[in-house]
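[1] after the sequence you'll find the predicted model.
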Amino acid sequence: MKLLMLGGTEFVGRAVTEDALARGWDVTVFHRGRHAPPPGAAAAHGDRTAPGGLDALAEGEWDLVVDTWSGAPAAVRDTARLLRDRAGHYAYVSSCSVYAYPAPAGHDEDWPVVDGSPDAQATDYAADKRGGELAALDAFGDRALLVRAGLVLGPYENVGRLPWWLERSARGGPVAAPGPRDLPIQYVDVRDLARWTLDASAAGRGGAHNVVSPSGHATMGSFLEACAAATGGRAELRWTDPAAIEAAGIEPWTDLPVWTPPGEGHDFMHRGDVSKALAAGLRCRPVEETVADTWAWLRSLDGPPPLRPDRSAKGLDPAREAALLGL
């Protein structure tokens, strides 16, 4: 297989590139040149937002294109149109955020989505991802696979959710653990996302798929206990009622990454239906493996983990955590 990876040097794109190389595929990574692609991949440079930014893709044919773009949908539109007669399949890594909010527990790919346009400039994340989906569909039709990823965790994470919990656990002491302990969470290991995307594309699958673990594959308890174990067991998890967290003005998802309290926000983020992707071969590794491998990656770095400049900082200030716990 010949793969054109749009991106391919960070997090999801890097995982896709590494998986494809491990299969022995011929991989070309198209990127801006800010980071080196994994060894073994050919590189083509360009900026999709700049005039002439796609010139390096003017020639060439590929079996598959994988695109993780989350900015202006017009960039997906221009790239997909350029490649539609020279690529067999187009996998666009979208997001479950495209669903109209609120969505009930068990919502699947048929739930209504937000408005979006393939011609739009950057607006908001959900609308941009929906516009990217429409751009891929417009150019490739049933040769377009829409990979609606949920929360993505694992090595190379550049958003800072799992890395924050690991670093907090490594500091040890009392840790504000947002409850309930048995609250189900839904996420996908970036490597499982990459493997499924390539498998499904090679099989010729098209259309939208929710690509995330089944709700309850892990819980807040198993997730945070895995973080504590991986970092040496010095963290003392103190399970805290959601009402106390709300009363303290602490924000779910950002101050306490991954977590959303029971209710419509939790139903939207952590209780979607994934039966379609499971039937198409999605397999999710244990949370303990995701956590341990991410901690090993963090320890291999010379400095702090890389973070995307377009995402907000994650994590709870130590003084606010101490106040919440009454310390």
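    Sure, I can see it. Residues are numbered from 1 along each chain as shown.

[2] can you classify the residue nearest the centre of the chain by secondary structure?
    When CA atoms, centre = their mean is applied to the chain, the residue found nearest the centroid is Val152 (3.4 Å). Secondary structure, DSSP: H, G, I helix; E, B strand; the rest coil: Val152 is strand.

[3] identify the residues contacting the nearest residue to His35 once chain neighbours are set aside.
    Counting by CB to CB, 6 or more residues apart in numbering, His35 lies nearest to Thr9, which is 3.9 Å off, once chain neighbours are set aside. Where you see a C-beta, it was placed from the backbone N, CA and C, and this is true even at glycine. Contacts for Thr9 were tallied using CB atoms under 8 Å, 6 or more residues apart in numbering; they are 17, 29, 31, 34-38.

[4] now do the helices in the stretch 1-150 of the chain.
    Per DSSP state H, counting those that start in this stretch, the stretch 1-150 of the chain carries helices over the ranges 11-22, 73-83, 125-140.

[5] Gly53: neighbouring residues, count only.
    Gly53 has 17 neighbours, counted by other CB atoms under 10 Å.

[6] distance check, the nearest residue to it once chain neighbours are set aside against Phe30.
    Leaving aside its sequence neighbours, Gly53 sits nearest to Asp47 (CB to CB, 6+ apart; 4.2 Å). Note on Asp47: its distance to Phe30, by CB to CB, to the nearest Å, is 10 Å.

[7] those two: which is more packed in?
    Set Asp47 next to Phe30 and count neighbours by other CB under 10 Å: Phe30 wins out with 25 against 13.

[8] quick one: the closest residue to that one other than its chain neighbours from Gly53, how far?
    Spatial nearest neighbour of Phe30, excluding adjacent residues (CB to CB, 6+ apart): Ala44 at 4.7 Å. Ala44 is 11 Å from Gly53, where distance means CB to CB.

[9] now do Gln186
    Gln186 is 36 Å from Gly53, where distance means CB to CB.

[10] show me the chain divided up by domain.
    With domains defined by automatic domain parsing, the chain comprises 2-149, 158-186+214-272+288-325.

[11] would you mind measuring the gap between the ends of the shortest one?
    One end of domain 158-186+214-272+288-325 sits 29 Å from the other (CA to CA, to the nearest Å).

[12] ok, the longest strand along the chain: who's next to it in the sheet?
    Counting residues, the longest strand found in the chain (DSSP state E) is strand 87-95. Sheet pairing here is set by DSSP bridges, and for strand 87-95 it gives strand 62-67 (parallel), strand 144-149 (parallel).

[13] which of these sits closest to Glu246?
    Ranking the strands paired with strand 87-95 by proximity to Glu246 (CB to CB) places strand 144-149 first, at 28.0 Å.

[14] who's in contact with Ser94?
    By CB under 8 Å, 6+ apart, the neighbours of Ser94 are 129-130, 132-133, 146-149, 208.

[15] format those residues as a markdown table; extra columns: pLDDT and neighbour count.
    As requested, the contacts of Ser94 are arranged in a markdown table below (pLDDT from 0 to 100; neighbours: other CB atoms under 10 Å):
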| residue | pLDDT | neighbour count |
| --- | --- | --- |
| Lys129 | 98 | 28 |
| Arg130 | 98 | 24 |
| Gly132 | 98 | 32 |
| Glu133 | 98 | 24 |
| Leu146 | 98 | 25 |
| Val147 | 98 | 27 |
| Arg148 | 98 | 25 |
| Ala149 | 98 | 23 |
| Ala208 | 98 | 21 |
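
[16] return the member of those nearest to Trp297.
    So of the contacts of Ser94, ranked by how close each gets to Trp297 (CB to CB), first place is Ala149, at 19.4 Å.

[17] okay, and the beta partners of the closest one?
    Beta-bridge partners recorded for Ala149 (DSSP bridges): Ser95, Val211.

[18] and the gap between it and Asp119?
    Relative to Asp119, and taking CB to CB, Ala149 is found at 24 Å.

[19] now swap in Ser95 and tell me
    Distance from Ser95 to Asp119, counting by CB to CB: 20 Å.

[20] let's verify Arg285: helix, strand, or coil?
    Three-state call for Arg285 (three-state DSSP): coil.

[21] which ones are touching it?
    Arg285 sits in contact with 189, 191-192, where contact means CB under 8 Å, 6+ apart.

[22] most surrounded residue in those residues?
    Most neighbours among those, by other CB under 10 Å: Asp189, with 25 neighbours.

[23] how about low-confidence regions in the stretch 1-150 of the chain?
    Along the stretch 1-150 of the chain, no part satisfies pLDDT under 70.

[24] just to check, the residue nearest to the centre of the chain is in contact with Tyr187?
    Yes. Counting by CB atoms under 8 Å, Val152 does reach Tyr187; the two are 6.9 Å apart.
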